[in-house]
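Colleague: Output the structure for:
(one chain, ligands or ions: 1)
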Amino acid sequence: MSRLTKAAYGAGVLFFLVSCAFSVFYGYKVVSHDLPAEAKTVEKYKYHFVLVPEELDNDYWRMVEEGAKKAAAEYGVFLEYAGPKQANIDEHLKTIEMSLASKVDGIITQGLSDEQFTPLINRVVEKLPVITIDTDAANSNRMAYIGTDNYYSGFMAGKTLIEDTNGQAKVAIITGSFYANHQQQRVQGFRDAVESEEGISIITVEESEISRVRAAEKAYQILSDYPEVNAFYGTSALDAIGIAQVVEKFRDRNQVYIIGFDSLPETLKYIKKGTIKATVVQEPFEMGYKSVIMMIDLIKGKKVPPVNHTNTVIMRDGKLPEIPKSAGEEY
Ligand code: BGC
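Modeller: Numbering: from 1, shown residues only. Take a look at the predicted model:
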């Protein structure tokens, strides 16, 4: 071995050992692999919480993160945002497991399905507090839920569609997931709202796996399989955007009614153009912000109501509506 190769080899071994030491030390403290710079000073924070969403790189969840980080900065919390980059149940569950193993002070996550999430949440809660956010696992022992009343929001979507179409529509639903609690509730609420309307029929329900591309593919398929469809209801943030792309390309936007969820910049763009006619606006920022405060209260032993609904309103004109402050609510 030349001196140069030996030196390179030595440097490699040293780098490896240092990385191992770092992972052992910080792995105990921090859940994610991409160590944020501030992780090194985690000790200076009062608490360490992890927010685990179903998809990190999703504009909706970035708003939840923003709210949570704001509260974290105000209350001395080290807030980690960790989970699957793109929706993936196994990775989601694994991140919760890792957070438990890392002995964080609290976990804020969705309760996506009773089958997969309830047993895990129940196991975690024996060791540390869990708050469900955006999607509740109401049958689990989670300490509290903060987020939309998902059944009611679906019901509102149904009522809005009836109003806007004068009770005449052949509807296709594209839902984020057939198995997630909140998506099921949004579909059920909608079904119940339109059930007694004779002029409204639900032609098909398809799944987008919360992917905009998949929503577009499904919308395209629906338009070719069911040419009578003249209305769409998208139940997760990217569904209506995918639907709008397809409708603009293959149909007259005035002939197809689209109602979606959330007010992401792209949704607003399509609302302003008149392609998406209405959207159910949730409060992701508030959910994130309040979840951190609730977690601190739980740790301090304060009584926190088990169910804390954030507001939902319908937007039709692209302007964010005044969201009413719910009187008497603690969070
Ligand atoms: C839902 C989130 C979901 C997101 C997907 C939102 O409407 O509330 O749970 O992850 O859509 O884009």
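Colleague: Please identify the residues of this protein in proximity to the ligand?
Modeller: Neighbours of the ligand within the chain, by Cβ under 6 Å from any ligand atom: 54-55, 58, 60, 134-135, 176, 182, 210, 236-238, 261-262, 282. All C-beta atoms are positioned from the backbone trio N, CA, C, and that covers glycine.
Colleague: so where is the protein shaky, pLDDT-wise?
Modeller: For the chain, residues meeting the criterion pLDDT under 70 lie at 1-30, 32-43, 324-328.
Colleague: domains of it?
Modeller: Domain segmentation of the chain under automatic domain parsing yields 19-148+284-310, 150-281.
Colleague: next structured bit after the strand or helix carrying residue 205?
Modeller: Assigned by DSSP states H and E, residue 205 belongs to strand 200-207. Of the helices and strands lying after strand 200-207 in sequence (DSSP H and E), the nearest is helix 212-225.
Colleague: follow-up on the earlier one: adding mean neighbour count, write the domains of the chain out as a markdown table.
Modeller: Supplementary listing: those in a markdown table, determined by neighbours: other Cβ atoms under 10 Å:
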| stretch | mean neighbour count |
| --- | --- |
| domain 19-148+284-310 | 19 |
| domain 150-281 | 20 |
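Colleague: Between those domains, which one is closest to residue 319.
Modeller: Set against residue 319 and scored by Cβ to Cβ, those come closest in domain 150-281, at 8.9 Å.
Colleague: From start to finish, how long is that closest one in a straight line?
Modeller: Start-to-end span of domain 150-281 (Cα to Cα, to the nearest Å) is 12 Å.
Colleague: How far away from the center of its chain is that domain?
Modeller: Averaging C-alpha positions (Cα atoms, centre = their mean, to the nearest Å) puts domain 150-281 18 Å from its chain's average.
Colleague: next one: stretch 110-121
Modeller: With Cα atoms, centre = their mean, you get 15 Å for stretch 110-121.
Colleague: ok, and what's touching that stretch?
Modeller: Residues from elsewhere that reach stretch 110-121 (Cβ atoms under 8 Å, 6 or more residues apart in numbering): 52-54, 89, 92-93, 96-97, 130, 132-142, 145, 177, 179-182.
Colleague: Could you rerun that using 7 Å?
Modeller: Taking contacts as Cβ atoms under 7 Å, 6 or more residues apart in numbering, the residues outside stretch 110-121 that touch it are 53-54, 89, 93, 96, 130, 132-137, 139-142, 179-181.
Colleague: Pull the contacting residues for the residue positioned nearest the centre of the chain.
Modeller: In the chain, the residue lying closest to the centroid (Cα atoms, centre = their mean) is residue 61, at 5.3 Å. Going by Cβ under 7 Å, 6+ apart, residue 61 touches 53, 55.
Colleague: Just after the helix or strand hosting it, pick out the following helix or strand.
Modeller: Assigned by DSSP H and E, residue 61 falls within helix 59-75. Using DSSP H and E, the helix or strand that directly follows helix 59-75 along the chain is strand 77-81.
Colleague: which helices and strands sit right next to that next one?
Modeller: Other elements packing on strand 77-81 under the criterion 3 or more Cβ pairs under 7 Å, 6 or more residues apart in numbering; DSSP states H and E are strand 47-52, helix 59-75.
Colleague: hmm, try it at 10 Å
Modeller: Counting contacts by 3 or more Cβ pairs under 10 Å, 6 or more residues apart in numbering; DSSP states H and E, strand 77-81 packs against strand 47-52, helix 59-75, strand 106-109, helix 284-299.
Colleague: Which of the ones you listed sits closest to residue 168?
Modeller: helix 59-75 (31.2 Å).
Colleague: now the closest one against strand 77-81, angle please.
Modeller: Taking axes from the mean of the first three to the mean of the last three Cα atoms, to 10 degrees, one finds that helix 59-75 is oriented at 170 degrees with respect to strand 77-81.
Colleague: Distance from the chain centre to helix 59-75, please.
Modeller: On Cα atoms, centre = their mean, the centre of helix 59-75 falls 13 Å from that of its chain.
Colleague: Check stretch 49-60 too.
Modeller: On Cα atoms, centre = their mean, the centre of stretch 49-60 falls 7 Å from the chain's centre.
Colleague: For that stretch, measure first residue to last.
Modeller: 20 Å.
Colleague: next one: stretch 100-117
Modeller: Termini of stretch 100-117 sit 14 Å apart (Cα to Cα).
Colleague: how far out from the middle of the chain is it?
Modeller: A distance of 14 Å separates the centroid of the chain from that of stretch 100-117, by Cα atoms, centre = their mean.
Colleague: just stretch 117-128 next, same as before
Modeller: Computed by Cα atoms, centre = their mean, the chain-centroid distance of stretch 117-128 equals 20 Å.
Colleague: those helices in this protein, which residues are they?
Modeller: Per DSSP state H, the chain carries helices over the ranges 3-29, 59-75, 89-101, 114-125, 150-164, 181-194, 212-225, 239-250, 265-273, 284-299.
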